[in-house]
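> How does the following fold in three dimensions:
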Amino acid sequence: MTKFDEATQAIRVDDQTYDVCLDPGYAIGGPLNGGYLMAVILRAAVDASPFEHPVSTSAQFHKAPAPGPARVLVEPLKAGRTVGFARARLIQNDVTQIEALITTATLSGADPGFSEKPPALPPIEDCRKLPDPKPESGMTLNAQLDLRFDPPTIGWLTGEPSGRPESRAYFRMAEEQDPDAYVLALAVDVLPPVVFSAGHRGWAPTVDLTWHLRAVPAPGWLTVVGSGRLISDGWFDEEVEVWDSAGRLVAQSRQLARVGRG
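Numbering: from 1, shown residues only. Next comes the predicted model:
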């Protein structure tokens with residue numbers, strides 16, 4: 001079991017209840033990463049389902065859970081021959097922190113009938129890592145990841161943002177691990193907020209995030225591409241596509257978030 005598998009483990013208590021322990025190693029300046037939290041919820045939801053894969057997840061983030069013990073309650077809604085539906089809640093201190101609607105199915109791995117080509121990024125050796133965060137920053141997530149950014153999309157580091165809400169990077173876990181559906185749940189929320197490239201900074205809390213698992217990824221690096229359409233009235237959207245090492249589109253997401261301060 002990898003560190004990530006252990007950090008997202010959900011232990012069955014009964015048919016609908018799972019004990020989890022939220023790992024402090026996935027924090028972004030204090031709050032835990034939303035993709036990590038979705039992976040925890042999905043472990044429980046898939047275990048409670050007759051199907052193998054979480055093909056669609058729509059999550060609302062009511063609060064920011066703290067590291068430590070919590071529970072996931074899974075309420076099955078319907079299961080047919082090929083698709084299952086459930087509602088899941090992450091609960092901590094008797095308060096719902098995150099609520100999600102999850103669709104499960106079993107993907108066959110068939111070749112796509114149609115697919116766009118993956119985006120063109122520079123070679124990995126020409127991409128850049130972010131500087132290591134200061135120990136007091138609370139940015140523990142970075143130690144779990146290996147992200148290599150397309151240089152123009154991290155110009156905000158040196159005060160030269162591109163002016164467009166965008167981010168592009170290669171991604172894999174720091175510990176050797178083939179990507180799976182739970183790593184993809186992390187991947188769709190692993191980039192710095194795309195508003196950084198548009199000149200905004202600060203924690204940008206996710207309010208609503210929907211993502212789709214399109215295929216089980218091949219081993220190797222993932223390519224993660226994020227963009228936004230509108231920044232307005234303190235809100236922004238972020239769309240993310242994830243491509244695997246075989247050039248297949250394996251995940252898509254859209255989230256609505258608050259523009260950060262700071």
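> Give me the longest helix you can find in the protein.
Ranked by residue count under DSSP state H, the longest helix found in the chain is helix 34-47.
> After that helix, which helix or strand is next? Please name it.
Downstream of helix 34-47, the next assigned helix or strand under DSSP states H and E is strand 53-61.
> List the residues that contact the nearest residue to residue 220 once chain neighbours are set aside.
Nearest in space to residue 220, with sequence neighbours left out and distances taken as CB to CB, 6 or more residues apart in numbering, is residue 245 at 3.1 Å. C-beta coordinates here come from the backbone N, C-alpha and C atoms, glycine included. For residue 245, the contacting residues are 217-222, by CB atoms under 8 Å, 6 or more residues apart in numbering.
> Now the longest helix of the chain: average pLDDT?
Across helix 34-47, pLDDT averages out at 98.
> report the angle between the axes of that helix and strand 53-61?
130 degrees (axes from the mean of the first three to the mean of the last three CA atoms, to 10 degrees).
> Pull the distance from helix 34-47 to the chain's centre.
Here the centre of mass of C-alpha atoms in helix 34-47, compared against the chain's by CA atoms, centre = their mean, to the nearest Å, lies 10 Å away.
> could I have it exported to CSV, CA atoms only?
In CSV, the C-alpha atoms belonging to helix 34-47 read as follows (Å, rounded to 0.1, in the frame of the first residue of the first chain):
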residue,chain,number,x,y,z
GLY,A,34,-10.1,19.3,-2.2
GLY,A,35,-9.0,16.6,-4.7
TYR,A,36,-7.5,14.6,-1.8
LEU,A,37,-10.7,14.9,0.1
MET,A,38,-12.7,13.7,-2.9
ALA,A,39,-10.4,10.7,-3.2
VAL,A,40,-11.2,9.8,0.5
ILE,A,41,-14.9,10.0,-0.2
LEU,A,42,-14.7,8.0,-3.4
ARG,A,43,-12.8,5.1,-1.6
ALA,A,44,-15.9,4.7,0.5
ALA,A,45,-18.4,5.2,-2.3
VAL,A,46,-16.8,2.7,-4.6
ASP,A,47,-16.5,0.1,-1.8
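> circling back: are any of the contacts of residue 245 buried, and if so which?
Neighbour-count burial within the contacts of residue 245 applies to 217-218, 221-222; the criterion is 16 or more other CB atoms under 10 Å.
> can you redo those as JSON lines with distance to residue 13, pLDDT and secondary structure?
As requested, these are arranged in JSON lines below (distance: CB to CB, whole Å; pLDDT from 0 to 100; DSSP: H, G, I helix; E, B strand; the rest coil):
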{"residue": "217", "distance to residue 13": "31", "pLDDT": "96", "secondary structure": "coil"}
{"residue": "218", "distance to residue 13": "35", "pLDDT": "96", "secondary structure": "coil"}
{"residue": "221", "distance to residue 13": "37", "pLDDT": "98", "secondary structure": "coil"}
{"residue": "222", "distance to residue 13": "33", "pLDDT": "98", "secondary structure": "strand"}
